[in-house]
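> coordinates for the following, if possible.
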Amino acid sequence: MKIISNNFLETQKIGKQLAKSFLSCKNKEAIVINLIGNLGSGKTTFVQGFASGLRIKKKILSPTFVILNKFKTKNRYFYHIDCYRLESVKEIKDLGFKEIIENPQNIILIEWGNKIKRILPKNTVKIKFNIFKKDKRIINYEEKDICSN
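Residues are numbered from 1 along each chain as shown. Okay, the predicted model is just below:
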């Protein structure tokens, strides 16, 4: 599915709507979403909206330097991971990545996930962000029924 966002507020709204669709999922595995795009393409803005859709009140910043942030929702955990600064897959493994992706209560959004694509689960959803014009973004969302994995 291709979505055009005209500004950062629309990008946040798209993230919020997608998150709301996952709140009632009963999964056997974690929900893992790989956010792909260049710097400034809207990935973190999308995550901010997504977190809002999960009813997370804390300010969402990109975890570029800490790599991983964990938030508690009503009945799930939300992980925001940024692989931009990773030099090896081992770095994310050392943070307990395997355990995180195996827990069906987890929802995980990964910025720059292509850096660790060889260890991402098969059911990982890809969302691609492209800069279209100054404030406009093209968001390509891989349509999958990830609530039934």
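> next, give phi and psi for Lys98.
For Lys98, the backbone dihedrals are phi -60, psi -50 (criterion: degrees, to the nearest 10).
> what about the nearest residue to it once chain neighbours are set aside, neighbour count?
Leaving aside its chain neighbours, Lys98 sits nearest to Ile119 (7.9 Å; criterion: CB to CB, 6 or more residues apart in numbering). Glycine gets a C-beta too; all of them are placed from N, C-alpha and C. Ile119 is flanked by 12 other residues according to other CB atoms under 10 Å.
> then Thr45?
If you count neighbours by other CB under 10 Å, Thr45 ends up with 23.
> got it, and Ser62?
Using other CB under 10 Å, Ser62 has 17 neighbouring residues.
> looking at this protein, which helix is longest?
The longest helix of the chain (DSSP state H) is helix 8-22.
> avg pLDDT for that one?
Averaged across helix 8-22, the pLDDT comes to 93.
> any stretches of the chain with poor pLDDT?
Residues of the chain that meet the criterion pLDDT under 70 lie in 145-146, 148-149.
> gap between the spatially most central residue of it and Tyr141?
Nearest residue to the geometric centre of the chain (CA atoms, centre = their mean): Leu109, 2.1 Å. From Leu109 across to Tyr141, the span is 13 Å (CB to CB, to the nearest Å).
> residues touching stretch 72-85, excluding its own?
47, 51, 54-56, 60, 62-65, 67-71, 92, 100, 103, 105-113, 115-116 (CB atoms under 8 Å, 6 or more residues apart in numbering).
> show me the contacts for Thr124.
Each residue near Thr124 by CB under 8 Å, 6+ apart is listed here: Val32, Ile33, Asn34, Gly113.
> out of those residues, which sit inside strands?
Cross-referencing the contacts of Thr124 against strands under DSSP state E gives Val32, Ile33, Asn34.
> quick check: chain neighbours aside, which residue is closest to Ile4?
Ile138 (5.8 Å).
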